[in-house]
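Undergrad: sequence and predicted structure, then a few things I'm wondering about:
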Amino acid sequence: PLYESKSDANIVAELAEHLGFGEYFKGGEEGLIDLIMASRSFEGITRETLKTQARKLPTLPEGASFPLSFGTPSGKIELYAEQLYEDGEALPVYLPPIEAPITPGEKKYPLTLVNGHSRFRTHSMFANVKSLLDLNPEPIVDINPIDAETRNISNNDIVTVFNDRARTTLKARISESVQPGILDITEGWWIEQFKEGSLNHLTHDIINPVQDKVYEPNMHMNDVAVEVEKK
């Protein structure tokens with residue numbers, strides 16, 4: 001690492017020291033390499049293999065600079081994107097949801113499903129770590145007290161979230177952290193951790209054409225219409 005930056009291994013070791021777990025991260029980067037190579041996924045790989053087949057990334061001299069340019073047709077920051085003109089989004093505009101109800105209760109599936117991020121995982125990574133599962137053992141759908149009352153749903157009830165595409169069964173948690181008309185299932189749970197179905201079974205696959213031009217094709221993960229009922 002250059003200048004004042006630190007390696008991931010050093011950052012982890014220093015954090016562990018501050019949290020009182022420094023004894024498990026002794027040995028610096030060499031100790032971490034030994035720990036990683038002891039895992040089954042590195043079976044048959046030796047330090048010699050790493051030395052002879054590894055590729056070194058080039059480093060930049062101190063004070064190196066590059067012409068400032070952005071990945072746009074003009075190479076500048078563009079407030080007006082000509083390539084999005086045909087899609088009607090050359091300027092930022094509001095577009096109504098594809099299927100999520102603008103007003104709760106106005107459609108066959110009156111609730112909007114969103115999928116927030118969990119502090120216990122990085123997307124689906126660590127979803128099988130026992131110590132984290134002790135704190136957060138299973139998928140939960142957060143539902144506002146108003147929506148729960150109209151559906152006779154209580155805390156910890158087993159419920160089914162559904163639409164025309166799929167059904168997903170999990171535990172309910174009454175929470176004012178979500179607005180009326182919203183359900184929240186955190187993303188990243190593995191399919192076998194649901195009692196039935198999964199979060200992604202409920203989502204649609206309508207691609208936003210604008211994203212294909214500026215980044216990558218993607219779906220509207222927080223624009224999903226659903227209903228929920230007690231199991």
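TA: Nice, thanks for sending it over.

Undergrad: C-alpha from now on. contacts and neighbour counts both.
TA: Will do.

Undergrad: for Leu79, which three-state class applies?
TA: In three-state terms, and counting by DSSP: H, G, I helix; E, B strand; the rest coil, Leu79 is coil.

Undergrad: alpha carbons of the helix or strand of the chain with the lowest mean pLDDT, as CSV, please.
TA: Using mean pLDDT, DSSP states H and E, helix 209-214 stands out as the lowest-scoring helix or strand of the chain, at a mean of 72. C-alpha atoms of helix 209-214 as CSV (Å, rounded to 0.1, in the frame of the first residue of the first chain):
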residue,chain,number,x,y,z
PRO,A,209,-33.5,0.8,-21.0
VAL,A,210,-31.7,3.9,-19.7
GLN,A,211,-29.6,1.8,-17.4
ASP,A,212,-28.4,-0.3,-20.4
LYS,A,213,-26.9,2.9,-21.9
VAL,A,214,-25.3,4.5,-18.8
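
Undergrad: flag every buried residue along it.
TA: Within helix 209-214, the residues scored as buried using 16 or more other Cα atoms under 10 Å are Val210.

Undergrad: for the next helix or strand after it, what is the distance to the chain centroid?
TA: Remark: after helix 209-214, the chain's next helix or strand is strand 224-230, criterion DSSP states H and E. Relative to its chain's centre, strand 224-230 lies at 21 Å (Cα atoms, centre = their mean, to the nearest Å).

Undergrad: same for the least confident helix or strand of the chain, what does it pack against?
TA: Contact partners of helix 209-214 among helices and strands, from 3 or more Cα pairs under 8 Å, 6 or more residues apart in numbering; DSSP states H and E: none.

Undergrad: count of neighbours near the spatially closest residue to Arg151 that is not a sequence neighbour?
TA: Nearest residue to Arg151, sequence neighbours excluded (Cα to Cα, 6 or more residues apart in numbering): Glu229, at 6.5 Å. By the criterion of other Cα atoms under 10 Å, Glu229 has 15 neighbours.

Undergrad: strands of this protein, start to end?
TA: Using DSSP state E, the strands of the chain run over 111-114, 140-143, 158-162, 167-174, 182-185, 224-230.

Undergrad: same question for the fifth one, mean pLDDT?
TA: Mean pLDDT, computed over strand 182-185, is 96.

Undergrad: who does that strand pair up with?
TA: Here strand 182-185 is paired, per DSSP bridges, with strand 111-114 (parallel), strand 140-143 (antiparallel).

Undergrad: make TSV from the strands of the chain and add distance to Ser69 to it.
TA: Converted to TSV, these look like this (distance: least, Cα to Cα, whole Å):
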stretch	distance to Ser69
strand 111-114	36
strand 140-143	44
strand 158-162	47
strand 167-174	46
strand 182-185	39
strand 224-230	37
